[in-house]
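# need the 3D shape of this:
(one chain, ligands or ions: 1)
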Amino acid sequence: MQFSDIVGQDAVQQLLLRAVQTNHLAHALLFDGPTGSANLALALALAQYVNCEDKQATDSCGRCASCVKMQKLVHPDLHLVFPVANLAKGKTSEAYLTDFRKFLLEQPYRTLPDWLETIGADNKQGNISAEEARSILQKLSLKAYEGPYKIMLIWLPELMNVSSANALLKVLEEPPAKTLFLLVTNQADKLLITILSRTQRVGVPAFTDDAIATHLRQHLNLDETTARRIAYLADGNLAEALRLRTQEGTDDEHAWFAEWMRDCYRQDLAKLVKQADQFDGFSKEKQKGLFDYSIRLCRDLFLWQQGAGALLRLPDDEMAFVKNFARVLTTAHVERIVADLNQATYHIERNARAKMVMLDLSLTFTRLIK
Ligand SMILES: [Zn+2]
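Below is the predicted model of the structure:
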């Protein structure tokens, strides 16, 4: 992973580069960012940079022997610790190391549910166990094999149990020489205060819509409109954006919602029944996705009506729709629509017949808009 692979995180990158170049890198860093942020990607890019044999001013070289191994996550001085589930006694996450490498190499913007699903443990809790702690200590007692630094990257340290966290604390208090701890968290408030106080926090902000759209264009070759639409839906979470990308028909939520509202406005019952039939044929995920989208657009409509239009980050089509419908609907109507959509989502999750849910909503909205 190189810094140049990560979009829109210039400030954090500058901070890390300066720390390395001026010899002020703390021995333990806490990459603290929300789910779907660049916290893990930045930690991997830093790990590659500190051991690069031909460091450039703004990035690792990407070609030296160390970089080549780091890029495949097989560098002998890079130790990865991560939550697992279903482990037989006495085993550590090492048993899943090959799977974990593959998981990160696909793309580094990953989530815990994503990982648990990959290892077939999606309805279990992941955690970092006491055996893991012993393994950490053992690995760190070894000298660096090749690079200047031994690196211990811990993904989601908030999932350590008490004995594991205490073992980590002990090594953080008396760190072995030339060892760099990179803790990557989504929930820093769940870490022991004593761990927080022994790490230097690197705050990683959520991605901007622009950064997400750029990533989607550069890495997945999406066109501008589709990239913008997904960025809007993902709300700063790149993992979510990448998940949406693999879902069916992510680019037509707006067309679907706009048509629905227009048919309600015109009280076109024949078309509303047809749309309910079509909705019934979608997968449950898609049905919920359409309602999620509708709720977000209604919230933006509400903000527009409150005079907070400057806060909106809408693509052009959506903006035109919001301006038009703000004239037709009162604030009370919008609140009612959002409440009904939330309830409809709840019913869909509990296996209500989608066609009936959709028709019921259509009739309510038709009466409201009248
Ligand atoms: Zn290099």
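
# going forward, measure contacts between C-alpha atoms and count neighbours the same way
Noted.

# so where do the strands sit in the protein?
Assigned by DSSP state E, the strands in the chain fall at 28-32, 78-81, 150-155, 179-185, 200-203.

# residues near T366, how many?
The burial count assigned to T366 is 20, neighbours taken as other C-alpha atoms under 10 Å.

# grab the nearest non-local neighbour of it.
Nearest in space to T366, with sequence neighbours left out and distances taken as C-alpha to C-alpha, 6 or more residues apart in numbering, is C264 at 4.6 Å.

# just give me the neighbour total for that neighbour.
C264: 23 neighbours (other C-alpha under 10 Å).

# do D10 as well
By other C-alpha under 10 Å, neighbour count at D10 equals 12.

# let me know the pLDDT of it.
Note on D10: pLDDT of 96.

# same question for N86.
66.

# please apply the same query to F82.
In this model, F82 carries a pLDDT of 91.

# now do the contacts for the closest residue to it other than its chain neighbours.
Leaving aside its sequence neighbours, F82 sits nearest to W155 (C-alpha to C-alpha, 6+ apart; 5.0 Å). Residues near W155 by C-alpha atoms under 8 Å, 6 or more residues apart in numbering: 40, 80-83, 183-185.

# hmm, try it at 7 Å
81-82, 183-185 (C-alpha atoms under 7 Å, 6 or more residues apart in numbering).

# before we move on, the earlier item: quick one: which of the strands of the chain is nearest T58?
For T58, the closest of the strands of the chain is strand 200-203, at 18.0 Å, according to C-alpha to C-alpha.

# list the strands paired with that closest one, with their directions.
Looking at strand 200-203 with DSSP bridges, its partner strands are strand 28-32 (parallel).

# the strand it pairs with to strand 150-155, inter-axis angle?
On the basis of axes from the mean of the first three to the mean of the last three C-alpha atoms, to 10 degrees, strand 28-32 is oriented at 30 degrees to strand 150-155.

# could you give the angle of strand 28-32 to strand 179-185?
20 degrees.

# what does strand 28-32 rub up against?
Applying C-alpha under 7 Å, 6+ apart, the set of residues contacting strand 28-32 is 39, 180-186, 188, 199-204.

# how about stretch 277-294?
Under C-alpha under 7 Å, 6+ apart, the answer for stretch 277-294 is 233, 253, 257, 341, 345, 354-355.

# let me see the domain layout of this protein.
According to automatic domain parsing, the chain comprises the domains 3-206, 210-246, 253-369.

# which one of those domains lies closest to the ion?
The ion lies closest to domain 3-206 among the domains of the chain, at 3.7 Å (C-alpha to the ion).

# all helices of the stretch 101-250 of the chain, in order?
With DSSP state H, counting those that start in this stretch as the criterion, the stretch 101-250 of the chain has helices at 112-118, 130-140, 162-173, 193-197, 209-220, 224-234, 238-246.

# which residues outside the fifth one are in contact with it?
If I follow you right, that is helix 209-220. 7-8, 222-224, 227-228, 231-232, 235-236, 238.

# picking that back up, widest-spaced pair of the contacts of strand 28-32?
L180 and N186 (19.6 Å).

# what sits against A167?
A133.

# quick one: pLDDT of it?
pLDDT, A167: 85.

# coming back round to it: distance of the residue nearest to T366 from D280?
18 Å (C-alpha to C-alpha, to the nearest Å).

# the ion contacts on the protein?
Residues of the chain lying close to the ion by C-alpha under 5 Å from the ion are 52-53, 61-62, 64, 67.

# low pLDDT regions in the stretch 101-250 of the chain?
Low-confidence segments of the stretch 101-250 of the chain, defined by pLDDT under 70: 122-124, 143-144, 246-250.

# go again with 50.
248, 250 (pLDDT under 50).

# turn the contacts of W155 into a markdown table, columns for distance to K370 and neighbour count.
Below are these laid out as a markdown table (distance: C-alpha to C-alpha, whole Å; neighbours: other C-alpha atoms under 10 Å):
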| residue | distance to K370 | neighbour count |
| --- | --- | --- |
| V81 | 58 | 23 |
| F82 | 55 | 25 |
| L183 | 55 | 26 |
| V184 | 52 | 27 |
| T185 | 49 | 23 |
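
# tell me which two of these sit farthest apart.
V81 and T185 (12.4 Å).

# quick one: contacts for the residue nearest to Q2 when sequence neighbours are not counted?
Leaving aside its sequence neighbours, Q2 sits nearest to A45 (C-alpha to C-alpha, 6+ apart; 4.8 Å). Neighbour list for A45: 1-3 [criterion: C-alpha under 7 Å, 6+ apart].

# okay, now A308: neighbour count?
12.

# circling back: buried only: go through the contacts of helix 209-220 for me.
7-8, 222, 227-228, 231-232, 235-236, 238 (16 or more other C-alpha atoms under 10 Å).
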